[in-house]
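In: have a look at this prediction, sequence included:
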Amino acid sequence: MSRAKREKLNQTLNSHLSDIHETFQILDQTPPASLDKVGWDEVIKMGEQVHKQATIVGMLWTGETPEVAALEENMAVYFNMLQGFLLLSHGCKVGAGPTLSSSIHASVKPVVDASFRLLKESVSSYGSRNRDQKLTIPQLAGAVWNACSALKKTPATNITAIGRAMTQIAVSMKDVLREMKELKPASSDPTDPTSDEASNKAESIPENNDNSSDGDLGNDLSSEEMKIAVSVISVVTEILAVIKELIRCITGLIKQEDANKSSNFVDSLENLLKLCQGVGVQVDELGACLYPPQEIPAMKAASEKISVSIDEMQAVIENLGGTTEAFVLACNVLRSSLGQLNSAAGDSGVADLAPEMQKLTVTT
C-alpha cells in the first residue's frame, strides 16, 4: 500500500516538475517590449513566499509521516508559487541587456534547483524507514531559504549589473598587478643606479594585500627589463583608475536608465563592458610578456589595443552624457603612461640590437 501511495506521489511530482521545466525555459527568451516591466522587489517578495512554503515542507516531516493528501496539497501550493516566481522573473528581463539577464538567470536557477531537491526528497522519504533520509529534509528546506535570500543581492538594473561586472574585471587586473610587483631585478649592480631606481619605483606604487613571495618566477630581470616592468605596472595602475572612474560615470546615469526606454542606451552600456573586458585581456597579455625573454612586439601591440579601447570608451561615455572631469583626467594619465611604456620598449629594442650590430663585419 505504501509503495502505491509513493508511486502516486511520484506521478504528481513529475507532472509538476514538467510544468516548471517548461516555464523555466521562458527565462531563456527575450520578453517582448510590450510586456509590463516587473520590479526586482516583486521577485524578492515572491521568493520569501517560496521559502516560507519550503519551511512548511520541512515541518511536515518533523513528526510522524504526513498523509499523502497533505503532501499533494503542499506540492500544488509550492509549485504554483514557483511558477509565479519564474513568471515575475521573466517580467524583470524587460529592457534588460545580456549582463542583467545573465544575473537574473543565475539568481533564479538556484531557487528552482533547491526546490526540486527538497520536493524530490520529500516524496522519496514517504514510506521510507531510513530516519537519516527524513533528517535531510530540513537541511534542504534551509538550502531553499539561502537561495531565496541571495535574491536580495541580485542587481536590479543594467547599470548595477554592468558596474559589478566591471568591478570583477578590476579585481582580476589587481591580481595580475600583484604578480607584476613580485618581479625583481636579478641583482643590484652598484655601478648601475638604474637597477635600484627601477626596483624602488616598482615597490613604491601602492597596492593593497601584496602577498609577494621571494620564491616566485621572474626574479631575474635585467635592469632594462626592470624598467619596462615598472612602466607596465604604471600602465595597469592607471587602467584601474580609469575603470574606477568609468564605474562612477555610469552610476551617475541611473536616472537616465529609468527614463530611457531605448535599447541604444543599454547597448552602449554593454559596449563599455565589452571594451573593459578587452582591456582586461590585454592586461593579461602585458603580464605574460614581462617574464624574460620579454616579448616587446607583443607588448607594443597590447599597448596599442588598450589605447584604442580607451579612445572608444571615452567616446561612448561622452555620447551618453556621463563624462566627468575625473574620468577624462584618468584617461589622459593612462595615455601618458602608455607613451612612457612605448618609449621604454623602444629603447629596449635599440639596446638589444646594439650587441648584434657589433658582431657584424663590413666586407668590400
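Out: The structure has been received and is ready for your questions.

In: what's the burial count for residue 149?
Out: Using other Cβ atoms under 10 Å, residue 149 has 13 other residues around it. In this view, the C-beta of every residue, glycine as well, is placed from N, C-alpha and C.

In: then residue 308?
Out: As a burial measure, residue 308 scores 14 neighbours (other Cβ under 10 Å).

In: distance of it from residue 100?
Out: 27 Å (Cβ to Cβ, to the nearest Å).

In: can you confirm residue 310 is in a helix?
Out: Yes: counting by DSSP: H, G, I helix; E, B strand; the rest coil, residue 310 is found in a helix.

In: so where is the protein shaky, pLDDT-wise?
Out: Residues of the chain that meet the criterion pLDDT under 70 lie in 1-2, 63, 127-134, 187-219, 258-262, 347-364.

In: now with 80?
Out: Along the chain, the parts satisfying pLDDT under 80 run over 1-6, 61-66, 126-135, 186-220, 257-262, 346-364.

In: residue 101 is in contact with residue 266, correct?
Out: No: counting by Cβ atoms under 8 Å, residue 101 is not a contact partner of residue 266; they are 10.3 Å apart.

In: between these two, who's got more neighbours?
Out: Higher neighbour count among residue 266 and residue 101: residue 266, with 21 against 18, using other Cβ under 10 Å.

In: distance of residue 43 from residue 257?
Out: Distance from residue 43 to residue 257, counting by Cβ to Cβ: 18 Å.

In: list the residues that contact the closest residue to residue 16 other than its chain neighbours.
Out: Closest residue in space to residue 16, ignoring its immediate chain neighbours: residue 79 at 4.2 Å, by Cβ to Cβ, 6 or more residues apart in numbering. Neighbour list for residue 79: 16, 19-20 [criterion: Cβ atoms under 8 Å, 6 or more residues apart in numbering].

In: go on, residue 257?
Out: 157-159, 265-266.

In: just residue 154 next, same as before
Out: 40, 103-104, 107.

In: and the residues you listed as JSON lines, adding secondary structure?
Out: Converted to JSON lines, the contacts of residue 154 look like this (three-state DSSP):
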{"residue": "40", "secondary structure": "helix"}
{"residue": "103", "secondary structure": "helix"}
{"residue": "104", "secondary structure": "helix"}
{"residue": "107", "secondary structure": "helix"}
